[in-house]
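> Give me coordinates for this.
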Amino acid sequence: MWRMMLVRRGGRASNIVRTLLRNSSSSSMMEPPAPGQAIDAIPPPVGWKPNQEGPPLDPDAYMRGPVSSAHAIVDGKISARDSATIGSNGQVVHGRYGELQVGSSSGIPLEYLALLRHAAEGAAALRVVLEKSGSSSNNKGTLLVYGASQPDGFATLQLASSSGQAVVGVVGGEHSGNADLLNLVKTKTEEPGVAVAEEYAIVKQCFKELVEKTVSGDDPSSWTNFDPDTFLTEFKENLLAYTEAFPEGRVAVPEEQFEFFGKEKDRKNFRINMDAYLSHLPGGAPAISPDLLDKSFTLDQYAAFKNKFGEQTASVITGDDVPVHGEFNPPVVVRDMVAQPEAVDPRLLAPT
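A predicted model of the protein is given here:
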């Protein structure tokens with residue numbers, strides 16, 4: 001409205017503007033506030049402080065002070081030697097190495113300095129590995145670090161990666177499911193290095209072995225720790241222990257399954273009902289003479305028994321015709337083979 005009037009009246013505009021500015025700047029336009037209405041009269045909220053950032057703090061809240069010491073946990077206990085403390089002069093004192101050439105103003109967290117021994121062990125191990133492998137600035141290799149999330153392994157991973165080695169870090173199972181920690185370890189490995197969880201490494205190794213055995217076969221003659229005599233001895237010991245635990249004439253279940261906890265009027269029918277309920281389970285094992293077993297059940301007979309067991313298992317899984325009709329009770333099969341040894345197919349025997 002004033003602008004329209006100024007344009008319309010033309011020459012009087014400057015006089016009107018000067019009059020308005022003079023009147024607005026004069027104290028006559030400012031009325032004093034009523035008592036109790038000034039901004040200073042309003043009390044601040046409880047707990048408010050000048051220049052405070054964020055919401056007001058609870059007066060009863062715990063206010064954490066600056067960190068003055070850090071301790072590593074060794075064997076579930078707070079370690080006094082693997083610790084770092086800020087001394088009275090501002091220098092950092094390590095529980096194992098004494099005063100460090102690092103001040104409290106260096107920016108290095110005390111938590112890191114408390115793990116100095118672990119980092120030193122990782123650095124020493126890396127130096128030995130590189131010296132024995134002949135690695136140098138012109139001869140790089142691949143380093144596999146298990147426990148890459150532990151202090152010593154983490155230090156080794158960082159030092160090896162920074163020296164140009166290709167590092168594969170395996171985060172231990174104690175940190176299973178911690179995706180943030182796994183990503184942190186990954187950020188410390190430079191290409192072509194990588195960090196994986198222990199579960200992934202185990203599954204990948206098992207899958208690799210499965211593929212290799214599927215492609216090239218699993219020849220027992222190639223096993224380095226193959227000892228058939230040990231296998232046979234353990235089998236006989238387990239068989240005799242089984243015949244003692246589950247004797248013939250009852251189903252092969254623990255004895256505590258036949259304990260009665262019901263009412264007295266139901267006791268007379270309890271065993272009958274339990275025998276009927278457990279009748280679908282394998283029966284007990286017949287008694288076998290240890291001397292006869294040791295004499296007659298040779299490595300050849302053991303190979304034939306394993307073949308019978310494998311055929312029976314495969315037939316049950318695939319639904320094909322079962323070689324042994326009726327109940328397949330391994331102790332009974334062994335007893336019959338001990339009483340009358342069978343001719344063994346030479347193809348079942350391991351090559352010598």
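> Would you mind identifying the helix or strand in the protein with the lowest mean pLDDT?
helix 2-9 (a mean of 36; mean pLDDT, DSSP states H and E).
> end to end, how far does stretch 279-295 reach?
The first and final residues of stretch 279-295 sit 34 Å from each other (C-alpha to C-alpha, to the nearest Å).
> contact partners of it?
Here stretch 279-295 makes contact (C-beta atoms under 8 Å, 6 or more residues apart in numbering) with 236, 239-240, 242-243, 246-253, 327, 329, 331-332, 334-335, 338. Using the backbone N, CA and C atoms, a C-beta is placed for each residue, glycine as well.
> Return the residues in contact with Met140.
In this structure residue 140 is Lys, not Met. Contacts of Lys140 by C-beta under 8 Å, 6+ apart are 164-166.
> wait, which of those is closest to Leu348?
Ala166 (46.1 Å; C-beta to C-beta).
> Surely the closest one is in contact with Leu157?
No: with contact defined as C-beta atoms under 8 Å, Ala166 does not reach Leu157; the gap is 11.3 Å.
> for this structure, longest strand please?
strand 77-86 (DSSP state E).
> And the helix or strand just after it, what's buried?
For strand 77-86, the following helix or strand on the C-terminal side (DSSP states H and E) is strand 91-94. Buried residues in strand 91-94, defined by neighbour count with 16 or more other C-beta atoms under 10 Å: 92-94.
> any idea how far strand 91-94 is from the chain center?
34 Å (C-alpha atoms, centre = their mean, to the nearest Å).
> Just the residues contacting the longest strand of the chain, thanks.
Taking contacts as C-beta under 8 Å, 6+ apart, the residues outside strand 77-86 that touch it are 68-74, 92-96, 100, 104, 110, 113-118.
> Could you measure from Val128 over to Thr156?
To Thr156, Val128 is 11 Å away according to C-beta to C-beta, to the nearest Å.
> and these two? which has more neighbours close in?
Comparing Val128 with Thr156 by other C-beta atoms under 10 Å, the one with more neighbours is Thr156, at 26 against 9.
> quick one, strands of the stretch 151-300 of the chain?
In the stretch 151-300 of the chain, the strands defined using DSSP state E, counting those that start in this stretch lie at 166-171, 194-197.
> Pro32: what secondary structure?
Secondary structure for Pro32, judged by DSSP: H, G, I helix; E, B strand; the rest coil, is coil.
> neighbours of it, just the number please.
Neighbours of Pro32 (other C-beta under 10 Å): 8.
> Done for today, thanks.
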